[in-house]
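In: just coords:
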């Protein structure tokens, strides 16, 4: 299909909108009526046609506007993209992975021509046509990581694997759920996850680390994570908390349906071939409560999940104060009927709202 | 989550290849070169990676791990070098005697359990015999990115030192060969003393050599994290034993010349694996009940775990005695 790219903003006037197409393919993160941490990972090897799981790197209607937002963030704070010296090779690995994947998965949008180390990269949506020498940084306007991730939706962490651990040694992080690359750079897996409640006690991180260190070339993985964001903000960083944190107090019963968004991360994991590092793309999808309520199954389920979530998690995810108002709103869309298993909308089989 | 649940496959993704060349290197070592059956370029790989080769030996499926020793920059071929071991379980002998140029076989995607630490300021390699193979690709990788390295290579004789001639010709100042028959020995203490801060060292060879490098480095104050080793074990033959696989509801007998993992696979039970050599941890299996003696040979389980008898690594470890029930 041909994608109609939106012209929209993720700041100031918040003109971000999801089309009907984007709502139906939103990666709703709850496969059942309750939520608890789990590694919930599976192989990243395609998915239903048109879903966000289908391609290796999903491109959607927000692409051009998201890249414009990233450029604004980087202009104001260049430290959102960093790469320790030993990670340059991993940066080339990522550039190669994204260029090869996108040119194969979206041949109408992206083209890659390779003649030995001479590469030509054509990005039609962004109007880019560059020729460069693979593995020669001087032939690109930015380092390989920054170059390719200024053209790819989602955040990208590059994790070095050594000493039986993973190290946050490079990344492009501008659409994050309240964490900072500048703070975490150089930390290992346990250090950067230290603030997360409950999961340590559950042994989740030990198992997660083992799983990630065993991700092999040719067999990428994926999982979903989620949180809540008031207004369609991509950049919910600690650096800018003073700008966006206050917006959480702007919710009213009248505007909550439009302003409150579920924020979903499609996290994927790739073993990088030349550096043996791990690429960790974190793609952010936003959808307003009122758009989600157009899918009856999601309306029923979201109410139940938010209602039953442990206090620690609602606190950590930053919406404990707004939870009562959320529940007032969401309860209108829960008629108590059972829901079908799995994350998909099931519009044909799930009954409409019975109240 | 699940979008489209797909069962995780045991082992790695595989590649169909043709043996494009079979080249004798020394009296004991033969190099096998592969091209892809579909003509596509190989996936790039990192120095120190291995591939698992599947060999169809009559009714028996053999899977052995070998270091990729071709130049990582060359995506046209993969190469491995196999030392013939006449006393082992027969995998290397099968490769030498029955695999020929033109044969089509299956290998896995590269897996790297012995990668370069790219934060290192300098890399020192110690190779013993066929342990030279992972360093061939590591050297290729460092050559490409301009890394600082040196190699100390111990062999029985110059004639048996596979690739010593090629390496010495290409890197005369970085490669040092020590031959047993000339009574030459690696001056390990002298080499490990006085290296610049940030140096990492890597050893691949017989078990005795690996522990020698580890203990010498430790006694000289090297940080443990700067000493890397690759210790692939081949499964050893042993007395046959019987195992009950609870989940699959099957009872199997592990033969004298096969590993527990191979016996599980032979029974049609899918079991996870990667290295098949006791080091990656992938095949770790829970013990339900056991009455007998475990012969743990892996490098994965902690000593206390081995002693507790609650887990076994079926790729290399065995069991003696009456009853063994596994959660598989």
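Out: Thanks, I have the structure now. What you are looking at is a predicted structure, and each value in this text was computed from that prediction instead of being measured. Numbers count the residues shown, from 1 in each chain, chains lettered A, B, ... in the order given.
In: So for residue A:330, what's the pLDDT?
Out: pLDDT for residue A:330: 98.
In: what about it, neighbour count?
Out: For residue A:330, the neighbour count with other CB atoms under 10 Å in any protein chain shown is 25. Every C-beta, even on glycine, is put in place using the N, C-alpha and C of the backbone.
In: which residues does residue B:60 contact?
Out: Shown in contact with residue B:60 (CB atoms under 8 Å, 6 or more residues apart in numbering or on different chains): residue B:258.
In: any idea how far it is from residue A:120?
Out: Distance, residue B:60 to residue A:120, using CB to CB, to the nearest Å: 49 Å.
In: can you check residue A:316 too?
Out: Residue A:316 is 46 Å from residue A:120, where distance means CB to CB.
In: the more surrounded of the two?
Out: It is residue A:316, of residue A:316 and residue A:120, that has more neighbours when counted by other CB under 10 Å, with 17 against 13.
In: is it true that that one touches residue A:196?
Out: Yes: between residue A:316 and residue A:196 a contact is recorded at 6.9 Å, counting by CB atoms under 8 Å.
In: ok so residue A:29 is a strand residue?
Out: No: read with DSSP: H, G, I helix; E, B strand; the rest coil, residue A:29 is coil and lies in no strand.
In: Looks like it contacts residue A:225 (just checking).
Out: Yes: between residue A:29 and residue A:225 there is a contact at 7.2 Å, judged by CB under 8 Å.
In: Need the residues touching each of these two.
Out: residue A:264.
In: and those two? which has more neighbours close in?
Out: Taking neighbours as other CB under 10 Å, residue A:29 and residue A:225 compare with residue A:29 leading, 22 against 16.
In: need the contact list for the more buried one.
Out: A:35, A:224, A:225, A:226, A:262, A:264, A:343, B:1.
In: State the distance from the closest residue to chain A within the stretch 151-300 of chain B to residue B:155.
Out: When scored by CB to the nearest CB, the stretch 151-300 of chain B has residue B:225 as its residue closest to chain A, at 4.7 Å. Going from residue B:225 to residue B:155 by CB to CB gives 29 Å.
In: again, but for residue B:217
Out: 22 Å.
In: neighbour count winner among these two?
Out: Just comparing residue B:217 and residue B:155: by other CB under 10 Å the higher neighbour count belongs to residue B:155, 25 against 21.
In: Next, give phi and psi for the closest residue to residue B:260 other than its chain neighbours.
Out: Nearest-residue entry for residue B:260: residue B:314, 3.8 Å, with adjacent residues in sequence omitted and distances by CB to CB, 6 or more residues apart in numbering or on different chains. The phi and psi torsions at residue B:314 (degrees, to the nearest 10) take the values phi -70, psi -10.
In: if I read this right, residue B:314 contacts residue B:267, doesn't it?
Out: No: Residue B:314 is beyond contact range of residue B:267, at 11.9 Å (criterion: CB under 8 Å).
In: Who has more neighbours out of the two?
Out: Here residue B:314 and residue B:267 are compared on neighbour count by other CB under 10 Å; more neighbours surround residue B:314, at 26 against 16.
In: measure the more buried one to residue A:236 for me?
Out: According to CB to CB, residue B:314 stands 47 Å off from residue A:236.
In: Strands along chain A, start to end?
Out: A:42-43, A:81-83, A:110-115, A:118-123, A:128-133, A:155-162, A:165-172, A:221-230, A:260-271, A:278-288 (DSSP state E).
In: what ranges of the stretch 151-300 of chain B fall below the confidence cut-off?
Out: For the stretch 151-300 of chain B, applying pLDDT under 70 flags the ranges B:231-233.
In: make that the stretch 1-150 of chain B, sorry
Out: Scanning the stretch 1-150 of chain B for pLDDT under 70 picks out B:1-11.
In: Which residues of the stretch 51-200 of chain A lie near chain B?
Out: Neighbours of chain B within the stretch 51-200 of chain A, by CB under 8 Å from any CB of the partner chain: A:51, A:53, A:86, A:87, A:89, A:93, A:96, A:135, A:160, A:161, A:162, A:163.
In: Quick one: these as a markdown table, columns for pLDDT, neighbour count and distance to residue B:259 too.
Out: Formatted as a markdown table, these follow (pLDDT from 0 to 100; neighbours: other CB atoms under 10 Å in any protein chain shown; distance: CB to CB, whole Å):
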| residue | pLDDT | neighbour count | distance to residue B:259 |
| --- | --- | --- | --- |
| A:51 | 95 | 18 | 41 |
| A:53 | 96 | 24 | 37 |
| A:86 | 96 | 20 | 37 |
| A:87 | 97 | 26 | 38 |
| A:89 | 96 | 22 | 36 |
| A:93 | 97 | 25 | 34 |
| A:96 | 97 | 21 | 37 |
| A:135 | 94 | 18 | 41 |
| A:160 | 98 | 26 | 33 |
| A:161 | 96 | 22 | 27 |
| A:162 | 94 | 21 | 30 |
| A:163 | 92 | 15 | 29 |
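In: what sits against the nearest residue to residue A:21 once chain neighbours are set aside?
Out: Nearest residue to residue A:21 in three dimensions, chain neighbours excluded: residue A:61, at 7.4 Å (CB to CB, 6+ apart). Residue A:61 makes contact with A:3, A:4, A:5, A:6, A:19, A:21, A:22, according to CB under 8 Å, 6+ apart.
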